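Visitor: Fold the following, please.
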Amino acid sequence: MAYLAPSDPPEGFLEENRSPAGHIPNFVTMFAARPAVYDAWKQLNGAIKASMDLRRYELATLAAATALKSSYCCLAHGQVLAEKFLTPDEVAALVHEPSDDPVDRAVMSFARKIAVAAHTITEADVDTLRAQGLSDEDILDVALAAAARCFFSKTLDATGTTPDPAYNSLPATLRAALTVGRPIDA
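Guide: Numbers count the residues shown, from 1 in each chain. Modelled structure (predicted):
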């Protein structure tokens, strides 16, 4: 499941962080050694999501996760997109092909660039988003979502934390497309 031995979590930590589907995610077990960091992550991520349209947040997060080759985050956020906004085939296509929608394409391109080479972002990149109707606050939200994903994805991959076996229930095409790095836990 991970390179690091699981820690004895504080009383109630695992139960408090059980997934809505009923299992304890592998990342929760990994963060059991540092529950204050996990709590801070939840607060940060919640604040970022609260200011964004959920669909845009999920697209930006998926784009950053694919650029980072984070299977865990691609599976998690691709699943949300497939359940709430797009078909599984449309989500699978986003991993390798830009969206047909110019706003989605610009958001995802910006998020990928942040994840891979944020130091190369220019005003022209920002202007591309403005030209698609995004306000400066909207652009900041995309930057925050992509940058936060870098922390979480890189932490999971650096510790060898693999995606939960529950992701094996996703449609095969979607699961295969979103498994861009580490394989799903057996």
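Visitor: Buried ones in stretch 135-145, by neighbour count?
Guide: Buried residues in stretch 135-145, defined by neighbour count with 16 or more other C-beta atoms under 10 Å: Asp138, Ile139, Asp141, Val142, Ala143, Leu144, Ala145. Where you see a C-beta, it was placed from the backbone N, CA and C, and this is true even at glycine.
Visitor: for stretch 65-84, same thing?
Guide: 65-68, 70-82.
Visitor: ok, now stretch 26-43?
Guide: Burial within stretch 26-43, assessed by neighbour count using 16+ other C-beta under 10 Å, is assigned to Asn26, Phe27, Val28, Thr29, Met30, Phe31, Ala32, Pro35, Tyr38, Trp41.
Visitor: Can you tell me which of these lies closest to Asp8?
Guide: Using C-beta to C-beta, Ala32 is the member of those that sits closest to Asp8, with 7.5 Å.
Visitor: in what helix or strand does the residue nearest to Pro6 when sequence neighbours are not counted lie?
Guide: Nearest non-adjacent residue to Pro6, counting by C-beta to C-beta, 6 or more residues apart in numbering: Thr29, 5.2 Å away. For Thr29, the element it lies in under DSSP states H and E is helix 26-31.
Visitor: So, low pLDDT: which residues of the protein?
Guide: Residues of the chain that meet the criterion pLDDT under 70 lie in 1.
Visitor: mind running it again at 50?
Guide: Counting by pLDDT under 50, not a single residue of the chain qualifies.
Visitor: all strands of it, in order?
Guide: When secondary structure is read from DSSP state E, the chain shows no strands.
Visitor: For it, just list every one of the helices.
Guide: Counting by DSSP state H, the chain has these helices, from start to end: 13-16, 26-31, 35-50, 54-67, 71-84, 88-94, 102-117, 123-131, 136-158, 172-178.
Visitor: Now tabulate these in JSON lines and tack on distance to Ser7.
Guide: JSON lines is the format used below for the helices of the chain (distance: least, C-beta to C-beta, whole Å):
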{"stretch": "helix 13-16", "distance to Ser7": "10"}
{"stretch": "helix 26-31", "distance to Ser7": "9"}
{"stretch": "helix 35-50", "distance to Ser7": "9"}
{"stretch": "helix 54-67", "distance to Ser7": "25"}
{"stretch": "helix 71-84", "distance to Ser7": "19"}
{"stretch": "helix 88-94", "distance to Ser7": "34"}
{"stretch": "helix 102-117", "distance to Ser7": "29"}
{"stretch": "helix 123-131", "distance to Ser7": "41"}
{"stretch": "helix 136-158", "distance to Ser7": "15"}
{"stretch": "helix 172-178", "distance to Ser7": "29"}
